[in-house]
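Student: Got a predicted structure here, sequence first:
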Amino acid sequence: SDAPEDMDPATWAKVKDHPCYSEEAHHYFARMHVAVAPACNIQCNYCNRKYDCANESRPGVVSERLTPEQAARKVIAVANEIPQLSVLGIAGPGDSAYDWKKTRETFRLVTEQLPDIKLCLSSNGLALPDHIDDLTEMNVDHVTLTINMIDPEIGTRIYPWIFYDHQRRAGLEASQILHERQMQSLDLLHERGILIKVNSVMIPGINDDHLLEVNKEVKRRGAFLHNIMPLISAPEHGTVFGLNGQRGPTAAELKALQDACGGGAKLMKHCRQCRADAVGLLGEDRGQEFTMDLVPEEVS
Ligand code: SF4
Ligand code: SF4
């Protein structure tokens, strides 16, 4: 099919077979996530570390955590059953660029056997610049960055602390560093020709109006898609926002912001915020058929 008006042909060529982005492809190509990266280097006020990272996957679900070896076995077993498998993603449950050794080892083991599979990962961007050469070398197809602000003052209300350069940092300094590293991640990925999607969590009263500026900046720096997700803030999940009584956006508020950001929104309509161990065609999750106890010891 034809490229959307606001997308250049080179980007479209990469996107059109991707089950998450193309209307057509999502009927024919399958994706899977493996949950190999539990560690994280920042604290988001909307996060509960017991559950999957809201970087990419639906918050509030627990995924099956695997070692790289287990993950590789699972991917091969899935590829044998679901020949349409074309994308392997690592979306936490923590930060895949911070838990880099596990992410890299998983990709290495999988591509030894499935050299054509497209690789993607999601990250908050803080550790990502350190691995840009690895990402390029491994031919990572696309990266999802979660960027909730471009103004560190606003960041202080979202991120109480980060862990960076062997130290915990708090307050404005933390948000300043995070912001700089996120912008650096965008620039490096763009320079290396790796597709960039940006996710933002819409937090009413904190970054809702600001996300329009975020939208302009991330597009200017080369993101091909900006996906705005609602804050899901349930007190029983014990997140800081949940306990503070911070509400999520209404459906109408979310839609108004998504419409205002425009451009590419059509492509993102079917992102389901799949769980960190989702398996199958988009819109289905066959993860339960491929839990580790069901994956054979030897697969090839
Ligand atoms: Fe939680 Fe993800 Fe934020 Fe880390 S980046 S604190 S895992 S939501
Ligand atoms: Fe695709 Fe969205 Fe699912 Fe990631 S979360 S695999 S981008 S549909």
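Tutor: Yep, it's here. Ligands and ions are numbered 1, 2, ... in the order given.

Student: Just the pLDDT for the one residue in the stretch 151-300 of the chain that gets nearest to ligand 1.
Tutor: Relative to ligand 1, the nearest point of the stretch 151-300 of the chain is Y159 (8.1 Å; CB to the nearest ligand atom). Where C-beta positions appear, they are placed from N, C-alpha and C, glycine not excepted. On pLDDT, Y159 comes in at 96.

Student: hang on, isn't it packed against A174?
Tutor: Yes. Y159 sits in contact with A174 when judged by CB atoms under 8 Å, with a separation of 5.9 Å.

Student: All the helices of the chain, residue numbers only.
Tutor: Here the chain has its helices, by DSSP state H, at 9-15, 25-28, 68-81, 100-113, 132-137, 152-155, 171-191, 211-220, 240-244, 251-261, 265-268.

Student: what's around the residue of the stretch 151-300 of the chain closest to ligand 1, how many residues?
Tutor: For Y159, the count of nearby residues is 26 (other CB atoms under 10 Å).

Student: With L257 instead?
Tutor: L257 is flanked by 19 other residues according to other CB under 10 Å.

Student: The residue lying closest to R168 once chain neighbours are set aside: what's it in contact with?
Tutor: Nearest residue to R168, sequence neighbours excluded (CB to CB, 6 or more residues apart in numbering): W161, at 5.5 Å. W161 makes contact with 42-43, 168-170, 174, according to CB atoms under 8 Å, 6 or more residues apart in numbering.

Student: Looking at the stretch 101-250 of the chain, which residue is nearest ligand 1?
Tutor: N124 (4.3 Å).

Student: wait, doesn't D95 sit right on N41?
Tutor: Yes. D95 lies in contact with N41 (CB under 8 Å); the separation is 5.9 Å.

Student: Quickly list what's touching both of those two.
Tutor: Taking CB under 8 Å, 6+ apart as the criterion, D95 and N41 both touch 124, 126-127.

Student: Among the residues you listed, which one has the most neighbours?
Tutor: Compared across these, N124 has the highest neighbour count, 28 neighbours, by other CB under 10 Å.
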